[in-house]
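Engineer: sequence and predicted structure below; questions after.
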Amino acid sequence: MYKFVMYEFLTVSSHVCVAFLLPILVSLHALILQNFWAGIFAPEGGVNGQRPLMWIWATGGDVRTDAEQPNNGFFVVPLVAALLWESAIFAGVSLLRLIVHYAVHPKAFPRMIMATRYVYMVVIILHLFVFFAYLGTVAAWLVLAAALEPKRFLPYGIAVVVIAVVGSMVFSQMSEAARKMKERVAESFDKMIQSKMRRALKTVHEKIIAGKRQMAELQSAGDDDDADEMDELNNLLENKEEEEKKVLTAADIFAAINTGGDDELEMDEFQSMFDLLDLNLTENQKEQLFAFCDVDCSGRISEKEFTQGWDRLKELFLEASAGNAGVSRLQIVITCLYLVVVLGLLIAFVLMALAAWNTNDSFTASVQSGVVIACGRVSTAMRKRGRAEQGNIDGLVGDIMQRQNEDSKAADDGGES
């Protein structure tokens, strides 16, 4: 009961964070920019007879001490107003989505539930697009302000550049390491699969030849049918020798496991491939791969679908290998985002700490910018690198292939027991 309550609490909390945390942060930052603009750049007489919106209006005080200031409402920068409206709309849609998710039974209104999911997915994509566009706008404004007035904004512009450079540099380093490792693993994987395919086809051919020989022995000596059986047996032996020389493809595997002879694979035939090739995949992964290959959702896989799915199997193995080395796609994205967030918080803390020492001169701006750059260098130097980034690619690939062989042997031993 305790675990169930905790699970539900964490689930609801995560939904609430996704629905309301980002809009609140965007709205708060937009209001900070509005207050900054109103206090520094807003005209003394207001805009179109309206006084600029500032924090002080919430406390009931006047915005400025000027007695002649117009009082025809508040002026909000159009960009800030658009962000506030967008955040409010997203929060409202998120609230409706949560109500539908928790209050409506899925079996009672399945179409409404499905439509709500698709609509909310589109809304989230649009909201993220607005968020990153706004983030880019703020970053570009800081860089431009640093160029126009370096004494005041140089550290902030340098901070944006450092965060962007560190994020892109780490992304490129990890991507390059993943590319090199996948190339080496792909070569080893192809060699391993070729060896296993030859061994598997040899086993299949030996069974067929043994069956043909047994049938030939049952035939009477000198019979025409017996001569035909011997000719067919000789052809099989010749084909076996040719198969051992050529480079095997997915089509050869399809022909080997297609025991029904109807040019389509069923689920049991498809699963026999993994036993035939000693590939260690879970039942869930096998079912997912079968569903991926079954493009027309017929419950059977054609040769064309199987060939395309074979490339997916190889990609799945390479991505799993990259994950073991710490450079999968998801790990790269998470690492870059984590580093950018931590570096941004560190730089924000440093700039806030240095705000007391701010004389608006070139020397102070240069020192603060140097501290920001040092934060970037320290963050990259202290980053924990995965095995693929440490240089020993050959040893890593050897460990991956050895682990695959050990998993295959363990699976075989478990099946035998």
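Structural biologist: Yep, that arrived.

Engineer: just checking, what packs against the helix or strand harbouring Ala322?
Structural biologist: Following DSSP states H and E, one finds Ala322 within helix 303-324. The contact analysis (3 or more CB pairs under 8 Å, 6 or more residues apart in numbering; DSSP states H and E) places helix 303-324 against helix 150-218, helix 250-257, helix 283-293, helix 329-354, helix 393-416. For glycine as for every other residue, the C-beta is placed from the backbone atoms N, C-alpha and C.

Engineer: care to break this protein down by domain?
Structural biologist: 1-148, 178-316 (automatic domain parsing).

Engineer: ok, which of those domains comes nearest Gly326?
Structural biologist: domain 178-316 (9.2 Å; CB to CB).

Engineer: distance between the ends of the closest one?
Structural biologist: This stretch, domain 178-316, spans 14 Å end to end (CA to CA, to the nearest Å).

Engineer: three-state assignment of Lys384?
Structural biologist: With DSSP: H, G, I helix; E, B strand; the rest coil as the basis, Lys384 sits in coil.

Engineer: among the domains of the chain, which comes closest to Glu389?
Structural biologist: domain 178-316 (9.1 Å).

Engineer: now do the residue positioned nearest the centre of the chain against Leu10, distance only.
Structural biologist: The centre of the chain sits closest to Leu330, judged by CA atoms, centre = their mean, with a distance of 3.9 Å. Leu330 sits 21 Å away from Leu10, going by CB to CB, to the nearest Å.

Engineer: hang on, the earlier thing: looking at the helices and strands packed on helix 303-324, which one has the lowest mean pLDDT?
Structural biologist: Among the helices and strands packed on helix 303-324, helix 393-416 has the lowest mean pLDDT, at a mean of 56.

Engineer: neighbours around Phe41, how many?
Structural biologist: Residues lying near Phe41 (other CB atoms under 10 Å) number 9.

Engineer: contacting residues for the closest residue in space to Ser328 that isn't next to it in sequence?
Structural biologist: Distance criterion CB to CB, 6 or more residues apart in numbering; nearest residue to Ser328, sequence neighbours excluded, is Ala322 at 4.4 Å. Ala322 sits next to 178, 181-182, 185, 328-329, 331, 388 when contact means CB atoms under 8 Å, 6 or more residues apart in numbering.

Engineer: closest one of those residues to Val295?
Structural biologist: Among these, and counting by CB to CB, the member closest to Val295 is Arg329, at 23.3 Å.

Engineer: what about that closest one, how many neighbours?
Structural biologist: Neighbours of Arg329 (other CB under 10 Å): 13.

Engineer: pretty sure it contacts Glu319?
Structural biologist: Yes. The pair Arg329 / Glu319 is scored as a contact, 7.1 Å apart, by CB atoms under 8 Å.

Engineer: residues making contact with stretch 143-159?
Structural biologist: Contacts for stretch 143-159 (CB under 8 Å, 6+ apart): 142, 160-161, 344, 347, 351, 354, 360-362, 364-366, 368-369, 371-373.

Engineer: list the buried residues in it.
Structural biologist: 143, 146, 150, 153-159 (16 or more other CB atoms under 10 Å).

Engineer: export the residues you listed to JSON lines and tack on distance to Ala291?
Structural biologist: Below are the buried residues of stretch 143-159 laid out as JSON lines (distance: CB to CB, whole Å):
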{"residue": "Val143", "distance to Ala291": "47"}
{"residue": "Ala146", "distance to Ala291": "52"}
{"residue": "Pro150", "distance to Ala291": "58"}
{"residue": "Phe153", "distance to Ala291": "54"}
{"residue": "Leu154", "distance to Ala291": "55"}
{"residue": "Pro155", "distance to Ala291": "53"}
{"residue": "Tyr156", "distance to Ala291": "50"}
{"residue": "Gly157", "distance to Ala291": "50"}
{"residue": "Ile158", "distance to Ala291": "50"}
{"residue": "Ala159", "distance to Ala291": "47"}
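
Engineer: which of those residues sit farthest apart?
Structural biologist: Longest span within the buried residues of stretch 143-159, CB to CB: Pro150 and Ala159, 13.2 Å.

Engineer: what about the nearest residue to Ala88 once chain neighbours are set aside, neighbour count?
Structural biologist: In space, and not counting its chain neighbours, Ala88 is closest to Pro23: 7.4 Å by CB to CB, 6+ apart. Counted by other CB under 10 Å, the residues lying close to Pro23 total 21.

Engineer: what helix or strand does Pro23 sit in?
Structural biologist: Here Pro23 is assigned to helix 22-40, by DSSP H and E.

Engineer: ok, residues contacting that helix?
Structural biologist: Outside helix 22-40, the residues touching it (CB under 8 Å, 6+ apart) are 52-55, 63, 76-77, 79-80, 83-84, 87-88, 90-91, 94, 127, 131, 134, 138.

Engineer: inside strands: which ones of those residues?
Structural biologist: Counting by DSSP state E, these place Pro52 in strands.

Engineer: could you list which of the contacts of helix 22-40 belong to helices?
Structural biologist: Among those, the ones falling in helices (DSSP state H) are 79-80, 83-84, 87-88, 90-91, 94, 127, 131, 134, 138.

Engineer: a markdown table for the residues you listed, including pLDDT and neighbour count?
Structural biologist: Compiled in a markdown table, the ones in helices among the contacts of helix 22-40 are given as follows (pLDDT from 0 to 100; neighbours: other CB atoms under 10 Å):
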| residue | pLDDT | neighbour count |
| --- | --- | --- |
| Leu79 | 85 | 14 |
| Val80 | 88 | 19 |
| Leu83 | 89 | 23 |
| Leu84 | 90 | 17 |
| Ser87 | 90 | 22 |
| Ala88 | 91 | 12 |
| Phe90 | 90 | 22 |
| Ala91 | 89 | 16 |
| Ser94 | 88 | 21 |
| His127 | 89 | 20 |
| Phe131 | 87 | 18 |
| Tyr134 | 87 | 18 |
| Val138 | 86 | 15 |
